[in-house]
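Engineer: Sequence first, then the predicted structure, then my questions.
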Amino acid sequence: MKIHLSEDENLLKNANFEELIAKAINDQNYRLAIRYFYLKILKQLTEIELIKWEIQKTNEDYIKELSEKRIKEKFKSITRLYDFVWYGNFKINESQFSLVKLDFNSLEKEINNQKIG
């Protein structure tokens, strides 16, 4: 029996997000870079068991799953942004991306602190 992974599931299990993000930025595809950043965050949250990733879950489900307040608020904020950019097909330029990247980096720092603590 052959199991077919969804694109997101395949990325979460197999992707080198640092490489994908760097390539998207290099190609000036900031919208795609945000998508990879977001999937990377989902993967990190899954790895430290703050969420349980499942294909049928929505981003809103993940927000509800989070109990750690600081991570939840930051995740909620980047989720809104991600939904707007990715699903709203919003174009994003380099300076806008630079600001968004700071938000993702801040959330990653919180996740890493959670891992250590």
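Structural biologist: Looks like it arrived, so ask away.
Engineer: can we go C-alpha only for contacts and neighbour counts from here?
Structural biologist: Will do.
Engineer: mind listing what's buried in stretch 84-100?
Structural biologist: Using 16 or more other CA atoms under 10 Å as the burial criterion, the residues of stretch 84-100 that qualify are Val85, Ile92, Phe97, Val100.
Engineer: quick one: contacts for the closest residue to the third one other than its chain neighbours?
Structural biologist: With sequence-adjacent residues excluded and distances taken as CA to CA, 6 or more residues apart in numbering, Phe97 is closest to Tyr30, at 6.3 Å. With contacts defined as CA atoms under 8 Å, 6 or more residues apart in numbering, Tyr30 is in contact with Ala24, Ile92, Asn93, Glu94, Phe97.
Engineer: one step back: what about the buried residues of stretch 84-100, which are in helices?
Structural biologist: Taking DSSP state H as the definition of helices, these contribute Phe97, Val100.
Engineer: Please identify which of the buried residues of stretch 84-100 is nearest to Lys13.
Structural biologist: Comparing those against Lys13 with CA to CA picks out Val85 as the nearest, at 23.4 Å.
Engineer: State the distance from the residue lying closest to that closest one once chain neighbours are set aside to Tyr38.
Structural biologist: In space, Val85 comes closest to Arg31 once its chain neighbours are excluded; the distance is 6.5 Å by CA to CA, 6+ apart. When distance is defined by CA to CA, to the nearest Å, Arg31 is 11 Å away from Tyr38.
Engineer: now the helices: where do they sit in this structure?
Structural biologist: Secondary structure of the chain (DSSP H): helices located at 7-14, 17-26, 30-47, 59-65, 69-82, 94-116.
Engineer: Output the ones you listed in CSV, with mean pLDDT and distance to Trp53 appended to each entry.
Structural biologist: As requested, these are exported to CSV (pLDDT from 0 to 100; distance: least, CA to CA, whole Å):
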stretch, mean pLDDT, distance to Trp53
helix 7-14, 73, 9
helix 17-26, 96, 17
helix 30-47, 95, 6
helix 59-65, 96, 8
helix 69-82, 96, 14
helix 94-116, 93, 16
